[in-house]
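**Student:** A structural model of the following input is requested.
(chains A and B)
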Amino acid sequence: MIYLQLFYEFFKTGMFAVGGGMATLPFLSAMAEKTGWFTQGMLADMIAVSESTPGPIGVNMATYAGFTAAGIPGAIVATLGLITPSVIIILIIARFLKAFRDNKHVDGAFYGLRPCSVGLIAAAGMSVVKLSLLDEAAFQAAGDWLAYFRWDCILLAAALLVCTRWVPKVKDLHPIWFILGSAVIGVVFRFGGA
Amino acid sequence: MNRYLDLFVTFARVGVMTFGGGYAMLPILEREVVENKGYATSEELMDYYAVGQCTPGVIAVNTATFVGQKLAGVPGGIVATLGVVFPSVIIISVIAGILTNFADLAVVKNAFAGIRVCVCVLVFNAVVKLWKGAVKDKGALALFVLVFALSLFLHVTPVVYVVLTAIAGIILTNLGVRKS
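**Tutor:** Residues are numbered from 1 along each chain as shown, chains lettered A, B, ... in the order given. This is a model prediction of the structure:
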């Protein structure tokens, strides 16, 4: 029964993804490999759509992934699965908010959890890099390591990195503008090879 | 208006107006929940938000549950949470449905190939931002390197890393390894 499995997988994600929306990425990546509901490439597209539509990113990604797996009922079930552990945990914590915040062990656990979350997201990000900036098939066909890199994509990535981090004013723009710009460049220069 | 309906609508508005991550949500919550509705004070909201960041799950959802339960107990928490995710379910289902139908068009393929490059940069920027708050001493750095390296090569569920690093964090803190 796919709905039960969807609920279970997203319940797990909501239970263990700590540190906001992007923290769900490694869980979705593992889910893609385990269940085959969507590919790593589709996951990258989900991030883009989730960043550029209203709603919290984590919720949007869950809805999108659920939709891909099992249509509109899938979208609803995945979203409910994601939020159920949050609701339960928060309703429990709300009764002793102060004690929770000041608890030494809770604080200690989060000292370990935060770098873990960053490490997991970084590793999941590497699969997006592999997918969009590298070309393993071309490398194997040509036997030339230069063919391993998609130079046009790397150039765009470098330009985006500079724009989003260092160019004054431009770096404060909402990500949607960079996503739209990249879409236009992708179409004009046929990044997809289509 | 019915109290629950009011909660639902208020948080649905917050959901629609939140564009991007949980961080983008704070000013909107401030306006809708504190100024317009008086559901909570600014200080309460900051508390909820802070705890929402260091509990599992999406920050926006956690904060909504907090405010809802403060106003109307457990049903309030549930209603507020359903409100905040409601717009996402509708909007994303529509977009995902459209994109699925047009995924084979050349223009869509090329556009998404460009967009994926941008996603690399967005994920990288998110990592840098989170890194600043997470990795402040050698113990945290060691945990980051371990998790990053292991999860690149070992394909086990991320749950394992989460549980083990939480335990490691408690131990390191108790041993006094951590710099305060």
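
**Student:** contacting residues for B:V84?
**Tutor:** Contact analysis of B:V84 by Cβ atoms under 8 Å, 6 or more residues apart in numbering or on different chains lists A:56, A:59, B:11-12, B:14-15, B:60-61, B:64. All C-beta spots, glycine's among them, are computed from the backbone N, C-alpha and C.

**Student:** what's the weakest-modelled helix or strand in chain A?
**Tutor:** Across the helices and strands of chain A, mean pLDDT, DSSP states H and E gives its lowest value to helix A:97-102, namely a mean of 80.

**Student:** close to chain B, is it?
**Tutor:** Yes: counting by Cβ under 8 Å from any Cβ of the partner chain, chain B is contacted by helix A:97-102 at A:97, A:100-101.

**Student:** Do me a favour and average the pLDDT over the helix or strand following that helix.
**Tutor:** For helix A:97-102, the succeeding helix or strand toward the C-terminus, using DSSP states H and E, is helix A:104-133. Average pLDDT, helix A:104-133: 91.

**Student:** ok, and for helix A:104-133, which residues are buried?
**Tutor:** Buried residues in helix A:104-133, counted by 16 or more other Cβ atoms under 10 Å in any protein chain shown: A:106-125, A:127-129, A:131-133.

**Student:** What's the first helix or strand after that helix?
**Tutor:** helix A:136-142.

**Student:** what's the angle between the helix or strand just after that next one and helix A:104-133?
**Tutor:** Scanning forward in sequence from helix A:136-142 by DSSP H and E, the next helix or strand is helix A:151-165. Angle, helix A:151-165 to helix A:104-133, by axes from the mean of the first three to the mean of the last three Cα atoms, to 10 degrees: 140 degrees.

**Student:** hey, C-alpha coordinates of helix A:151-165 in CSV?
**Tutor:** Output of helix A:151-165 as CSV, limited to C-alpha atoms (Å, rounded to 0.1, in the frame of the first residue of the first chain):
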residue,chain,number,x,y,z
TRP,A,151,32.3,23.7,-18.8
ASP,A,152,29.3,25.8,-19.7
CYS,A,153,27.4,24.7,-16.6
ILE,A,154,30.5,25.3,-14.4
LEU,A,155,30.9,28.8,-15.8
LEU,A,156,27.2,29.5,-15.0
ALA,A,157,27.7,28.1,-11.5
ALA,A,158,30.7,30.3,-10.9
ALA,A,159,28.8,33.4,-12.1
LEU,A,160,25.9,32.5,-9.9
LEU,A,161,28.2,32.0,-6.9
VAL,A,162,29.7,35.4,-7.3
CYS,A,163,26.3,37.0,-7.8
THR,A,164,24.6,35.4,-4.8
ARG,A,165,27.5,35.9,-2.4
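
**Student:** Name all residues that make contact with the residue positioned nearest the centre of chain B.
**Tutor:** Most central in chain B under Cα atoms, centre = their mean is B:V58, positioned 3.3 Å from the mean C-alpha point. Residues near B:V58 by Cβ under 8 Å, 6+ apart: A:14, A:17, A:20-21, A:24, A:56-59, A:82-83, A:86, B:22.
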